[in-house]
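Student: 3D, please:
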Amino acid sequence: MSIPDRPANNEDAGEIIARLRAQNLVLSGANEKFASAAAHELGTLLHIMMLELGALPGETARRMERDIRAVVRKIERLRASARLGRMQRAGQDVIDLGAITVAVAGALAADLMVKNQYLEVSTDRAQIFHGDAVSVEEAVRNMIENVISHTPEGTRAVVTSGPGRCLMIEDGNKALQDFQIAAVTDRIQRGDDLPDGKGVGLIILRQTASLHGASIDVARSALGGLRVVLDFGGVAAAAT
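Tutor: Modelled structure (predicted):
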């Protein structure tokens, strides 16, 4: 086995390493996008299967429903983990909070329909600012996905971007108890996460807030369920 010639100087070696790192970033990003897209399609298919199983009688159908729910939870954690990896490499961008909210809500429309949930999207004088586009998009996605995953079928929710640099989502899950709201607040403040990949959504929310010096407020919504406010008020506005 022959040994390749050593680089002529340190500058050549540095250039080779830089190219390898750049190629690795491109490949990693492509793999994350593929994994996220594949997981989304599979998750949608499983939700459709759940609807069909719901029309079938018998314990066998109920057991299959439980098995599919477990698979869906694993897929959701896979998607969230892939998004966390993208956030760690994202740069600074001009953030149009209203446009991001509308786009993410549209992308999740099929998931909302599966559970017969209704999401109203409102833009109230949202202000454009500088920030990390990937993390903001993932925070919006996570806030909406929490409604899909943790509220009953038929739940109504409202997501509002603005006024200013504020994002709020509230739902009408009247079955939500005060101690559950307090538990969410406590976990956000302490930074606790559940084992086995659970709690990734809170990591996304906290990391987004940390990157931007934003604040997170959790309370009961006027609709009866949970209200979460992500306030980017301390972030510099973008020139228009």
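Student: which residues of this structure fall in helices?
Tutor: 10-54, 59-87, 97-107, 109-114, 133-150, 178-190, 200-212 (DSSP state H).
Student: quick one: buried residues of stretch 113-123?
Tutor: 114, 115, 117, 119, 121, 123 (16 or more other CB atoms under 10 Å). Quick note: C-beta positions are derived from backbone N, CA and C, even for glycine.
Student: Who does the fourth one form a beta bridge with?
Tutor: Here residue 119 shows beta-bridge partners residue 157, assigned using DSSP bridges.
Student: mind listing what it touches?
Tutor: 105, 108, 112, 144, 147, 156, 157, 158, 159 (CB atoms under 8 Å, 6 or more residues apart in numbering).
Student: Measure how buried residue 158 is and give me the count.
Tutor: 19 (other CB atoms under 10 Å).
Student: The one 4 residues further on now?
Tutor: Residues within reach of residue 162, counting by other CB under 10 Å, total 17.
Student: and the residue nearest to it when sequence neighbours are not counted, what are its bridge partners?
Tutor: Closest residue to residue 162 apart from its sequence neighbours, by CB to CB, 6 or more residues apart in numbering: residue 126 at 3.4 Å. Residue 126 has these beta-bridge partners by DSSP bridges: residue 164.
Student: Counting neighbours, what do you get for residue 126?
Tutor: With other CB under 10 Å as criterion, residue 126 counts 22.
Student: Go ahead and confirm it touches residue 168.
Tutor: No. Here residue 126 does not reach residue 168: they are 11.0 Å apart, not a contact under CB atoms under 8 Å.
Student: what residue ranges in the protein score low on pLDDT?
Tutor: Applying pLDDT under 70 to the chain picks out residues 1-43, 73-91, 191-200, 234-240.
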